[in-house]
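>>> Got a sequence here, can you model it:
(one chain, ligands or ions: 1)
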Amino acid sequence: MEPVTLLAIDACIGSFGQRRTDDPSYSAAMTMERFSGRKVLVTGGASGIGRCTALRLADEGATVVAVDVNADALDAVAAEADGLSGTIVARTGDVSTEDGVKAIVGGAVEELGGLDVLVNVAGILSFSHSHEVTLEEWTRIITVNLTGTFLMCRESLPHLLASKGNIVNLASTASHAGQPWAVAYSASKGGVLAMTRELAIEYAEQGLRCNSVSPGAIDTPITLSFSLPEGANPKLLRRVSPLGPFGTPEGIAAAIAFIASDEASHMNGADIRMDGATLS
Ligand SMILES: NC(=O)c1ccc[n+]([C@@H]2O[C@H](COP(=O)([O-])OP(=O)(O)OC[C@H]3O[C@@H](n4cnc5c(N)ncnc54)[C@H](O)[C@@H]3O)[C@@H](O)[C@H]2O)c1
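All right, here's what the predicted structure looks like:
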């Protein structure tokens, strides 16, 4: 049987597959400079939300080390930053191993001369019936999304405590409500949300902030690669479908930029849901 993609089931769900063209964040000239002189590390920087976040923060003056397993796409993102007031330095790296994360954070701190902001965007997703998920698949998703985020936080914390910096983690609507066919992803994102609050409490007195963003369906490659497991009832997608078009990665990057900026200095342990009213 042919895999059922989200785009193929528009007829059932309506709003899935619509592309947003009216979002001003697509073309807005960024005039703010909230990150001049700031040293930023973004994981998952080669694509989607990570790419837009690296570009947005560089556009606001940051020096960004962008990390991803996809070296070619990452180099292209760094080149896109030419002409912005900040810069993007591309660093190939894998958040799923302890040694890999030590190399990422050590290399970034050496490159930047410190660290003010960590944005954990790298993530993966697959759709399967929960009773068919192998331990290997469970471990693969938990390792990148949850353990990778933990390791990035742990290794960055000494540097962020020194700068009284902040962390922004990528949670999900799956952190808040049931999402079918994504048992490992949901567990990983629930863990990211809980870990975000834990870090906020533990380090608030030392001047460190830790917050998260929970996107709903956003128009990125991760969403386009969705395919439903055989026999899945596509009507269950109403649980995860925005009431209008998909969100944009530029819109999520704008929220991340606000959270990471001094304008959000009293925001700590918070989560911003950006889901087009999916969970409302
Ligand atoms: N797009 C959505 O609808 C949506 C919704 C909720 C949450 N999110 C979350 O947002 C984050 C970004 O998603 P996206 O939509 O931009 O997806 P994306 O696939 O466009 O980007 C993810 C990036 O992470 C990188 N990556 C994967 N494994 C890695 C690893 N081990 N080490 C380093 N980099 C790695 C990929 O190469 C890719 O460039 C993810 O954490 C995802 O779970 C996305």
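
>>> from here on, contacts and neighbour counts on C-alpha atoms
Will do.

>>> And the strands in the stretch 151-280 of the chain?
166-170, 209-215, 227-228, 271-274 (DSSP state E, counting those that start in this stretch).

>>> Name the residues that touch the second one?
By CA atoms under 8 Å, 6 or more residues apart in numbering, the list of residues contacting strand 209-215 from outside reads 164-173, 175, 193, 196-197, 199-200, 203, 252, 255-256, 259, 265, 267-275.

>>> among the residues you listed, which ones are buried?
Among the contacts of strand 209-215, the ones that count as buried by 16 or more other CA atoms under 10 Å are 164-173, 175, 193, 196-197, 199-200, 252, 255-256, 259, 268-275.

>>> near the ligand, which of those residues show up?
Filtering those for proximity to the ligand by CA under 6 Å from any ligand atom leaves 170-172.

>>> re the thing from before, could you dump the strands of the stretch 151-280 of the chain into a markdown table and include mean pLDDT and distance to residue 41?
Output for the strands of the stretch 151-280 of the chain, formatted as a markdown table (pLDDT from 0 to 100; distance: least, CA to CA, whole Å):
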| stretch | mean pLDDT | distance to residue 41 |
| --- | --- | --- |
| strand 166-170 | 99 | 10 |
| strand 209-215 | 99 | 14 |
| strand 227-228 | 86 | 31 |
| strand 271-274 | 98 | 20 |
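
>>> Now do residue 46 against residue 53, distance only.
Remark: distance between residue 46 and residue 53 (CA to CA, to the nearest Å) = 10 Å.

>>> Oops, could you answer that again for residue 98 instead?
In this view, residue 98 and residue 53 are 24 Å apart by CA to CA.

>>> Neighbour count: these two, which is higher?
Neighbour count, other CA atoms under 10 Å: between residue 98 and residue 53, residue 53 has more, with 29 against 15.

>>> outside of the helix or strand hosting the more buried one, which residues touch it?
Here residue 53 is covered by helix 48-59, with elements defined by DSSP states H and E. Here helix 48-59 makes contact (CA under 8 Å, 6+ apart) with 30, 33, 35, 42-45, 64, 66, 77, 80-81, 84-88, 121-122, 219-222, 249-250, 252-254, 256-257.
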